[in-house]
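Novice: Pasted the sequence and its predicted model underneath.
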Amino acid sequence: MNVHFIAIGGSAMHNLAIALVKKGYQVSGSDDEIFEPSKGRLKKYNLLPKKEGWYQDKITSKLDAVIVGMHARIDNPELQQAQKLGLKIYSYPEYLYEQSKNKKRVVIGGSHGKTTITSMILHVLNFYKLPNDFMVGAQLEGFEVMVKMTDDAPIMILEGDEYLTSPIDRRPKFHLYKPDIALISGIAWDHINVFPTFQNYVEQFEIFSDLITKNGTLIYCNEDKEVQKIGSSVRSDLTALPYSIPEYQIKNGITYLIVNSNRIPLKVFGEHNLMNINGARLVCNELEISDEMFYKAIQSFAGASKRLEQVAENEHTIVFKDFAHSPSKLVATTNAVKSQFINRELVACIELHTFSSLSENFLSHYKGCLDQADIAIVYFNPHTIQLKKLPPITAEQVKKAFNNQKLKVYTNSDKLLQDILKMDWNQKNLLMMSSGNFDGIDFDDLGKKITNI
């Protein structure tokens with residue numbers, strides 16, 4: 001097979017390109033900008049384009065398929081040439097389905113927890129060396145790539161993102177996978193630039209559940225009222241399996257699951273993660289993995305990259321980073337760290353970085369989100385707001401939205417970094433939450449400096 005990628009430098013796209021090379025395909029690609037780590041990984045597999053930009057002469061009738069990424073525009077010259085030649089054009093999710101249509105497909109959907117649940121399932125499958133293909137939204141420890149495709153694996157585990165498919169297909173990605181086993185972890189309004197109302201956003205998950213194959217299974221979080229509505233009204237041919245927070249206890253900084261009076265120690269913590277474990281367990285049950293096997297394997301699961309990830313620690317301080325940015329994620333993550341370390345103060349920092357979080361009409365959804373923190377900090381960059389072509393917001397608007405008298409608001413990341421390093425870190429934990437990096441703050445370096453103070 002000869003496959004060309006339009007916008008090969010994307011996080012998902014370059015991983016798919018590498019997966020196809022590993023499968024023995026001939027792969028080429030183009031992009032007008034490629035950054036690390038994509039650049040180095042593409043170079044390693046001899047996939048890095050010699051020149052950045054779009055070149056129509058790369059699109060020929062010899063290609064078996066063209067895969068187009070979201071970064072490409074609808075008037076992309078390579079895309080237009082592929083359309084002119086009548087070539088097979090796929091979006092990223094369409095091609096994943098094409099590669100998995102003869103396998104059992106497990107799709108993990110939800111506004112939060114997708115990457116972690118997918119990672120948990122993969123951890124258990126690999127613990128028992130059970131063959132599987134997968135696509136996951138973060139780099140996992142022990143996994144070279146985020147996408148794996150083979151001819152012989154009987155199942156494929158897919159993280160089901162609800163964002164748009166491609167510039168020529170405006171459906172959410174997870175509408176294209178047609179799961180045999182689906183999971184919905186929670187619904188909290190996100191991507192308001194695409195889904196203008198909460199109800200419109202919820203409808204995408206209703207459609208997702210209705211796309212489960214005949215006699216398939218929906219596993220759903222019963223703690224979320226919107227998900228509960230979907231789970232309790234699925235088609236009559238589907239099996240619906242609810243899950244919630246399992247019994248647990250925290251002792252000496254370690255969380256234990258309580259199963260049949262037995263204590264099972266975990267490396268992860270927080271009620272959100274405990275719910276994720278329960279959802280992953282039910283998926284594994286459907287893949288013929290018993291509870292006993294699951295609990296044995298999950299004890300060694302240390303978490304997904306950037307999902308409540310421990311950066312550094314000493315005897316009285318731990319520094320965490322987390323991908324959290326939406327209101328529900330902030331609440332879950334701050335509560336998790338505060339509950340796990342009740343004798344330490346929590347300094348919680350959130351960067352408003354996404355389109356939704358920087359929109360003045362959405363800010364009110366953050367009310368009370370950092371109330372569990374002893375020191376609450378919000379950072380945003382006014383220049384980022386300009387780039388997203390949004391109306392400006394002020395520090396006072398942010399304070400009012402969070403409704404937190406203790407809240408400190410920063411618009412300069414250098415000043416934020418200086419003030420964090422000046423703090424007394426005895427018996428304090430730091431939680432840095434963002435889908436970005438606070439405009440250049442090196443979390444690893446910050447962690448080293450704090451734990452060596």
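Specialist: Everything's here; your move.
Novice: Give me the domain ranges for the chain.
Specialist: According to automatic domain parsing, the chain comprises the domains 2-87, 95-298, 309-451.
Novice: Turn those into CSV, columns for mean pLDDT.
Specialist: Conversion of those to CSV gives the following (pLDDT from 0 to 100):
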stretch, mean pLDDT
domain 2-87, 95
domain 95-298, 94
domain 309-451, 93
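Novice: Same list (those) but as a markdown table, adding mean neighbour count.
Specialist: For glycine as for every other residue, the C-beta is placed from the backbone atoms N, C-alpha and C. Output for these, formatted as a markdown table (neighbours: other CB atoms under 10 Å):
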| stretch | mean neighbour count |
| --- | --- |
| domain 2-87 | 17 |
| domain 95-298 | 19 |
| domain 309-451 | 18 |
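Novice: Run through the residues that contact Cys413.
Specialist: In this structure residue 413 is Ser, not Cys. Each residue near Ser413 by CB atoms under 8 Å, 6 or more residues apart in numbering is listed here: Tyr379, Asn381, Phe438, Asp439, Gly440, Ile441.
Novice: let's see it at 7 Å
Specialist: Ser413 sits next to Tyr379, Phe438, Asp439, Gly440, Ile441 when contact means CB atoms under 7 Å, 6 or more residues apart in numbering.
Novice: Now do the contacts for the residue nearest the centre of the chain.
Specialist: Central residue check for the chain by CA atoms, centre = their mean: the C-alpha nearest the mean position is that of Thr115, 4.5 Å away. Contact analysis of Thr115 by CB under 7 Å, 6+ apart lists Val136, Gly137, Ala138, Glu159, Ala304, Arg307.
Novice: go on, His325?
Specialist: With CB under 7 Å, 6+ apart, His325 has these contacts: His353, Thr354, Ser357, Met433, Ser434, Ser435.
Novice: Kindly recompute the last result at 8 Å.
Specialist: His325 touches Ile350, Glu351, Leu352, His353, Thr354, Ser357, Met433, Ser434, Ser435, counting by CB under 8 Å, 6+ apart.
Novice: Looking at the residues you listed, spot the one nearest Phe402.
Specialist: Ile350 (9.1 Å; CB to CB).
Novice: helix or strand for the closest one, which one?
Specialist: Secondary structure assigned from DSSP states H and E places Ile350 in strand 345-351.
Novice: Mind giving me the packing neighbours of that strand?
Specialist: helix 327-340, strand 375-379, helix 413-422, strand 428-433 (3 or more CB pairs under 8 Å, 6 or more residues apart in numbering; DSSP states H and E).
Novice: so can I have CSV of those showing distance to Lys173?
Specialist: Putting the helices and strands packed on strand 345-351 into CSV (distance: least, CB to CB, whole Å) gives the following:
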stretch, distance to Lys173
helix 327-340, 19
strand 375-379, 30
helix 413-422, 32
strand 428-433, 24
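Novice: Quick check: which of these is nearest to Glu33?
Specialist: In terms of CB to CB, the element of those nearest to Glu33 is helix 413-422, at 22.8 Å.
Novice: and the angle from the closest one to strand 428-433?
Specialist: Put simply, helix 413-422 runs at 160 degrees to strand 428-433, going by axes from the mean of the first three to the mean of the last three CA atoms, to 10 degrees.
Novice: Quick one: distance of helix 413-422 to the chain centre.
Specialist: 28 Å (CA atoms, centre = their mean, to the nearest Å).
Novice: Could you verify my assumption that His4 touches Asp64?
Specialist: No. Using CB atoms under 8 Å, His4 makes no contact with Asp64, being 9.2 Å away.
Novice: For Asn34, list the residues it contacts.
Specialist: Wrong residue type there; residue 34 is Ile, not Asn. Ile8, Gly9, Leu42, Leu48, Pro49, Glu52 are the contacts of Ile34 under CB under 8 Å, 6+ apart.
Novice: Tabulate these (CSV), appending secondary structure and distance to Tyr163.
Specialist: Listed next are these as CSV, based on DSSP: H, G, I helix; E, B strand; the rest coil; distance: CB to CB, whole Å:
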residue, secondary structure, distance to Tyr163
Ile8, coil, 19
Gly9, coil, 18
Leu42, helix, 23
Leu48, coil, 26
Pro49, coil, 25
Glu52, coil, 25
